[in-house]
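1. Here is my input; please provide its structure:
(chains A and B)
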Amino acid sequence: MLNKIVLFFERPEVGKRVKQLFVLSLALLLVLEIFVEKHPYFPWAGTYSFYAVYGFFACAVIIAFSKIIGRFWLQRGEDYYD
Amino acid sequence: MINFVPPAAIFIAGAALIPFLKGRLRQAFLVLLPCLAFINLLNMGEGVSWVFGFLDYQLVFARVDKLSMVFGYIFVIMAFAGAVYSLHEKDSMQLVAAFLYAGSSLGVVFAGDFFTLFIFWEIMAFASVCLVCARNTDAARKASFRYILVHLFGGLLLLAGIVMHVSATNSIEFKFLGLGGTAEILILLGFALNAAIPPLSAWLTDAYPESTVIGTVFLSAFTTKTAVYTLARGFPGAEILIWAGIVMVLYGIVFAILENDMRRVLSYSIINQVGFMVVGIGIGTAMSINGAASHAFAHILYKALLMMSAGAVLLMTGRSKCTELGGLYKTMPLTLIFCVVGAASISAFPLTGGFVTKSMISSAAGYGQMTVIWLLLTLASAGVFLHAGIKFPYFVFFAKDSGLRPKEPPANMLAAMAFVAFLCIFIGVFPGYLYAILPYPVDYVPYTGDHILSQMQLLMFSALAFFLLLGYLKRTETITLDTDWFYRKGAAALVSLAGRPLAAASDAASQFMVERLPAFLVWFGKNPLAALRIAYGTVLLAASGGKYARRHLEREKEAFPADNIRMWSISSAVSMVALFIFALLAVFYF
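-> All right, here's what the predicted structure looks like:
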């Protein structure tokens, strides 16, 4: 049975559908926010789509920062200590 | 009347029996022993028992209160899951080490005094290093050597702190310490080393990924979490821990993103997750301590689950680098499902363990109006999803097709993963059971519309960032420099730096002792009297010069070793010997 599920997800049109679902869920999360009663810890944390924007840019900053210090400082060849 | 034994005793005695059992009997024993320990745990009423007098002090082997019980429960559950995961293992040394390790961790948790704590602390270091070197590769042996040296150093910091603390307070009871003086700072450093607070953290990511398949599963659970317990007991509310925790959280993410080895990625994520707990301890309110304890509970489960799935991949493929893996979902779908449950749980998706525990820590920061801390914790929550939640499953099970077609791991490993995955979700769906055993009464509702939605937004848009920036996240065949650089390169530099002068000195010394001194003694022994005359002549020549003295000396040298050795009188021989013995005595005296 598991094999069938795996094969199902390997079909290209299903992969496309999964992507669409992902984008749809992002939109849905933004829409739902209008209907939810908020009680933020800080006033500014209650602004619309704060978590979405913060999450996105937090990750972008983390990736950029890691990449830069990895490239220029921390990453070495695998035989570095040998 | 005491109707329980200290849980440490059950595991340590059990560990001693393992080598004598074989086959099915051993498997039954491995599973039943943690069950026995769990029943024993249920009988443990609060209070202090198993007290023994030692010199003028009281050793306490069972200090039972709510804080120690949370860790007691999860350690025993973890030992059970780990035992099921290891049922196929034939190497009894690993199983003995694993049970000794679990037992000594329980010993630390229930120890009521510093002496007992310290003894179990050191057994823990010893048992865990056995798990690392059990892999029996060159890399594992070297890593375990570094591991034990670092832990012995940490143990010495702790011991120095304990000795100073005990001599100052005249009490060995382990209770709230606070950062009063040098003794407490040393104890804190000893704990911090085991909690892997940078820069005292490289031992973890150096050694854990080199351990065996089952070894890493056990290692991921105990050492750092006993340290979390001791920090929560001794230093709640110590503000420095907030910042130490923030450093851990961010450092763990950055390094996990850079790393290629899947188990090293997960090891960095241990540091990241323990960072959340350390922040919680540093904040020190009832809610944040509850958060730290419950997060330790949930973390042990999902981290074990992730390490188990990584171990399954390692066992079946023999590889652990992300660059060499990929596309495993085709033939290991069950492992993938368990891995995703662990990944969702560490990312704190609603309905998983992480959601109901980690949020307590950030909420505590929020209620305390700690703006920067809260912002960084939230940033880190997004980062966790990035490195452990998506990166690990994505690069191992999807990404590219590595061409590997491994089978699912043995049934016992799948069963262990299923058990832990069930617990991860159970805690997430019914948090009340976990909240009921926390150190302080819980007044916290995790499931509000606001909380669920904000967390989902945070995570889903992090996922969006991951997929948009996927090009920058491609794995490279590199290692990442960490603070172990200082002792790995430092030791080599020290050796080469100190080596040259030392080698030159040793060469000169050996040349003198082996060649020149014996040659001189042989020459001298041929005719000591003539030799002394030559020496006298040389000194005289140097002092006064003169043709006659030079000619005389040359003649003496030519004649050496003249055959006509004069007979010495007995008395002069005896006085020579006496002089020699006196000189020898003088040398020894001074």
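
2. And for A:Val53, the neighbour number?
-> 14 (other CB atoms under 10 Å in any protein chain shown). Bear in mind the C-beta positions are built from the backbone N, C-alpha and C, glycine included.

3. try A:Ser25
-> Count around A:Ser25 with other CB under 10 Å applied: 13.

4. Contacts only, for it.
-> A:Ser25 makes contact with B:Met460 under the criterion CB atoms under 8 Å, 6 or more residues apart in numbering or on different chains.

5. Show me which residues of the one helix or strand it maps to are buried.
-> Per DSSP states H and E, A:Ser25 falls inside helix A:12-32. For helix A:12-32, the buried set under the neighbour-count rule, 16 or more other CB atoms under 10 Å in any protein chain shown, comprises A:26, A:29-30.

6. Go back to the residues you listed and keep what's next to chain B.
-> Among the buried residues of helix A:12-32, proximity to chain B is found for A:26, A:29-30 (CB under 8 Å from any CB of the partner chain).

7. of all these, which comes closest to B:Ala139?
-> A:Leu26 (42.8 Å; CB to CB).

8. Is the closest one in contact with B:Leu458, as I believe?
-> No: here A:Leu26 does not reach B:Leu458: they are 11.9 Å apart, not a contact under CB atoms under 8 Å.

9. any common contacting residues for those two?
-> Here A:Leu26 and B:Leu458 share the contacting residues A:Ala52, scored by CB under 8 Å, 6+ apart.

10. Which residue would be the closest one in chain A to chain B?
-> A:Tyr41 (3.0 Å; CB to the nearest CB).

11. which residue sits closest to that residue, ignoring its sequence neighbours?
-> Of all residues not flanking A:Tyr41 in the chain, B:Gly366 sits nearest, at 3.0 Å (CB to CB, 6 or more residues apart in numbering or on different chains).

12. Is that neighbour in a helix, a strand, or coil?
-> helix (DSSP: H, G, I helix; E, B strand; the rest coil).

13. Can you tell me the element the residue nearest to the spatial centre of chain A falls in?
-> By CA atoms, centre = their mean, the mean C-alpha position of chain A lies nearest to A:Phe56, the distance being 6.9 Å. Assigned by DSSP H and E, A:Phe56 falls within helix A:50-69.

14. Between helix A:12-32 and that helix, find me the angle.
-> 120 degrees (axes from the mean of the first three to the mean of the last three CA atoms, to 10 degrees).

15. What is helix A:50-69 packed up against?
-> Applying 3 or more CB pairs under 8 Å, 6 or more residues apart in numbering or on different chains; DSSP states H and E, we find helix A:50-69 packed against helix A:12-32, helix B:239-258, helix B:371-384, helix B:449-468.

16. go with 6 Å
-> Here helix A:50-69 touches helix B:239-258, helix B:371-384, helix B:449-468, going by 3 or more CB pairs under 6 Å, 6 or more residues apart in numbering or on different chains; DSSP states H and E.

17. count of neighbours near B:Asn40?
-> B:Asn40 is flanked by 18 other residues according to other CB under 10 Å.

18. Compute the distance between it and B:Leu67, please.
-> 19 Å (CB to CB, to the nearest Å).

19. And B:Leu585, by the same measure?
-> B:Leu585 sits 65 Å away from B:Leu67, taking CB to CB as the criterion.
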